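A.B. asks: this is a predicted model, with the sequence first.
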Amino acid sequence: MPIDIETFESSTENRLQHSRETNADRVMRFLAAHPDQAFTQSEIRDATDINAGSISVVLSRLEERGLVRHKGIYWALGEADDIAAYGSMVQSTRAANDRFGEENMDEWLEHAVDDEDEVTE
């Protein structure tokens, strides 16, 4: 999938070689490129190359976060404030990953607290 020239110019070579764009990132990038339009689920799926079994879940999760809107069979980019917050979070995460490296999920899980392990004072 192509990237925009700003991303190409501002990214490190390491970041471009190891891009791990999520399905949510793909949907958000696609809808952000067309903020004045709404699309069907299948149109978004085809434009983003997301698996047919995954697109519904991705769109539903984005809707729960206010990042996309849904009416009938159509989906569109969410409201400006929610999108700005999402964009800021994505940029911060990418900057941290470029500087410190990406997190290792297995290492993170070793230190995570289980829901059953209540912390008491």
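C.D. replies: Sure, I can see it.
A.B. asks: which residues are in contact with stretch 25-37?
C.D. replies: For stretch 25-37, contacts defined as C-beta atoms under 8 Å, 6 or more residues apart in numbering pick out 1, 21, 39, 44, 47-50, 55, 58-59, 62, 67-68, 75-77, 83, 86, 90. Backbone N, C-alpha and C define where each C-beta goes, glycine included.
A.B. asks: quick one: buried residues of that stretch?
C.D. replies: By neighbour count on 16 or more other C-beta atoms under 10 Å, the buried set for stretch 25-37 is 26-31.
A.B. asks: now those residues as TSV including distance to residue 7, pLDDT and secondary structure?
C.D. replies: Compiled in TSV, those are given as follows (distance: C-beta to C-beta, whole Å; pLDDT from 0 to 100; DSSP: H, G, I helix; E, B strand; the rest coil):
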residue	distance to residue 7	pLDDT	secondary structure
26	14	91	helix
27	17	94	helix
28	14	90	helix
29	10	87	helix
30	15	91	helix
31	17	91	helix
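A.B. asks: and these, which two are furthest apart?
C.D. replies: 26 and 31 (9.7 Å; C-beta to C-beta).
A.B. asks: how much space between the residue lying closest to residue 67 once chain neighbours are set aside and residue 10?
C.D. replies: Of all residues not flanking residue 67 in the chain, residue 78 sits nearest, at 4.5 Å (C-beta to C-beta, 6 or more residues apart in numbering). For residue 78, the distance to residue 10 (C-beta to C-beta, to the nearest Å) stands at 25 Å.
A.B. asks: so the two - more neighbours on which side?
C.D. replies: Relative neighbour count places residue 78 above the other of residue 78 and residue 10, with 22 against 11, counting by other C-beta atoms under 10 Å.
A.B. asks: mind listing the strands for this protein?
C.D. replies: 39-40, 68-71, 74-77 (DSSP state E).
A.B. asks: tell me what the second one is packed against?
C.D. replies: To tie it back to what came earlier, the one meant is strand 68-71. Contacting strand 68-71 under the criterion 3 or more C-beta pairs under 8 Å, 6 or more residues apart in numbering; DSSP states H and E are the following elements: helix 23-33, helix 52-64, strand 74-77.
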